[in-house]
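>>> this is the structure alone, sequence omitted:
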């Protein structure tokens, strides 16, 4: 979900302080005023953290919102039972598909990388995301939502949906921008967060409450509980699909074989297993080169996830923000080794099977799969654009104004659009249904 290997320097570490200037992140003043008006919320947050080195974290940190600076982001290493649980399963039933290993490593209810409650994003976490460096992405999304609202002639309600909200920063950024810059739209927006994990839901609630948005949000454990009606819906996600567990297949001795996880003398090891005819057909649908050692990743959960929202939304716009490629690019000879990456402490790990639950596991998104699945459900694929072009198109009216954006805003914008950070690695897939024939999303327009 959040484990982007993109935005790294040549040494493999994320270089936030690039030649474009150090990101100032989120301004402290607005959050400080909010907390000052809400002492009960401030005390609640304070009581849920512990001091680090004799004080709460309060140093200037450009990677996160000022509210969350006071959360404890430094934890002692955990000696979790997850590796032993996985080992016990393997001893009992034999090697397991990597998909099952990845699912437990990321989403085990108590010890999963995302679900354990440990802080994972920002300069002091394990990796950076487009949301980490500041609020500009949320502001730009608010502009696209406003255009969507105008195209529908300002309906009574706009349902705003986010899935994979992590700490809740992006939702707060979007709503803050709406309240300040689109006051005609803000009262008509109702935010829905899809969050199955209680720890993350609690953290999101604290963030939204401190920003005075909690009364404007409703949580759902899945798309199945989302209302099925005619309400105009804008659904966005950022680095969600890349975190869906993958099956890995390698072409060996004239046949595709599944990569599984077994036990060896030093811990978890790679093993291979044969596949059935249906699985072979699923792989060949994408026409990967059948050459010795070629490796591909397939996400079984992608199509069911897409069908979940595609069949619930009768009129809407969906933005999927993530890193990935078209199928032709993803399964090209240039990526013969696949795209699986393990990340920890802003470094790529060479051992994706090591310490399950303590490092991120991620693989690039097959955007063609999303396009094909949406088309089967009657959705229109408006286009796929990289962050550099999409964010610049949305920001163009601001950049043309006589009053230029602030220097911190410009630095944050450059981190979104710079080719060595998120500008070319991250993309936005835009899909819609039930919209006017003349509608063309601003982020896809030529500047």
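Arrived safely. The shown structure was predicted, so the numbers you read here are calculated from the model rather than taken from an experiment.

>>> use CA for all of it now, contacts and neighbours both
Fine.

>>> what about the nearest residue to residue 439 once chain neighbours are set aside, how many residues close to it?
Leaving aside its sequence neighbours, residue 439 sits nearest to residue 151 (Cα to Cα, 6 or more residues apart in numbering; 6.8 Å). Residues lying near residue 151 (other Cα atoms under 10 Å) number 16.

>>> check the one 5 residues further on too.
Residues within reach of residue 156, counting by other Cα under 10 Å, total 12.

>>> also residue 304?
Neighbour tally, residue 304, other Cα under 10 Å: 11.

>>> how far does the helix or strand hosting it sit from the chain's center?
Per DSSP states H and E: residue 304 is located in helix 302-310. How far helix 302-310 lies from its chain's middle: 16 Å, per Cα atoms, centre = their mean, to the nearest Å.

>>> next, the buried residues of that helix.
302, 305, 306, 307, 309, 310 (16 or more other Cα atoms under 10 Å).

>>> got phi/psi on residue 395?
phi -90, psi -10 (degrees, to the nearest 10).

>>> scratch that, residue 411 is what I was asking about
Per degrees, to the nearest 10, the backbone of residue 411 is at phi -60, psi -40.

>>> mind checking how far it is from residue 133?
Applying Cα to Cα, to the nearest Å, the value for residue 411 to residue 133 is 9 Å.

>>> higher neighbour count, these two?
residue 133 (27 against 22).

>>> I'd say the more buried one and residue 412 touch.
Yes: counting by Cα atoms under 8 Å, residue 412 is a contact partner of residue 133 at 6.3 Å.

>>> where does the stretch 201-350 of the chain dip in pLDDT?
346 (pLDDT under 70).

>>> could you rerun that using 80?
The model of the stretch 201-350 of the chain has pLDDT under 80 over residues 214, 345-348.

>>> that one: helices as residue ranges?
Counting by DSSP state H, counting those that start in this stretch, the stretch 201-350 of the chain has helices at residues 277-284, 302-310, 327-330.

>>> ok, the stretch 51-200 of the chain next?
66-69, 82-93, 98-107, 136-151, 169-181, 198-210.

>>> residues of the longest one that come out buried?
To tie it back to what came earlier, the one meant is helix 136-151. 136-149, 151.

>>> from these, which is closest to residue 426?
Closest approach to residue 426 among the buried residues of helix 136-151 (Cα to Cα): residue 137, at 12.5 Å.

>>> ok, and the closest non-adjacent residue to the closest one?
residue 131 (6.6 Å).

>>> burial count for that neighbour?
Residue 131: 25 neighbours (other Cα under 10 Å).

>>> surely it and residue 171 touch.
No: the pair formed by residue 131 and residue 171 falls short of the contact definition of Cα under 8 Å, at 10.0 Å.

>>> please identify every residue contacting each of the two.
Counting by Cα atoms under 8 Å, 6 or more residues apart in numbering, the common neighbours of residue 131 and residue 171 are residue 138.

>>> kindly indicate which of the buried residues of helix 136-151 lies nearest residue 425.
residue 137 (15.5 Å).

>>> what about the closest one, distance to residue 197?
From residue 137 to residue 197 the distance is 25 Å (Cα to Cα).

>>> again, but for residue 402
For residue 402 relative to residue 197 (Cα to Cα), the value is 45 Å.

>>> the two - which one has more neighbours?
Remark: of residue 402 and residue 197, residue 197 carries more neighbours, 17 against 7, as counted by other Cα under 10 Å.

>>> look up the closest residue to that one, ignoring the ones flanking it.
In space, residue 197 is closest to residue 115, 6.5 Å off (Cα to Cα, 6+ apart).

>>> doesn't residue 199 make contact with the one you found?
Yes: Residue 115 lies in contact with residue 199 (Cα under 8 Å); the separation is 6.8 Å.

>>> next one: the nearest residue in space to residue 164 that is not next to it in sequence from residue 93, what distance?
With Cα to Cα, 6+ apart as the criterion, residue 164 has its nearest non-adjacent residue at 5.6 Å, and that residue is residue 240. Between residue 240 and residue 93 the computed distance is 31 Å (Cα to Cα).

>>> looking at the two, which has the bigger crowd around it?
Neighbour count, other Cα under 10 Å: between residue 240 and residue 93, residue 240 has more, with 21 against 8.

>>> hmm, that one is touching residue 319, no?
No: using Cα under 8 Å, residue 240 is not in contact with residue 319, being 11.3 Å away.
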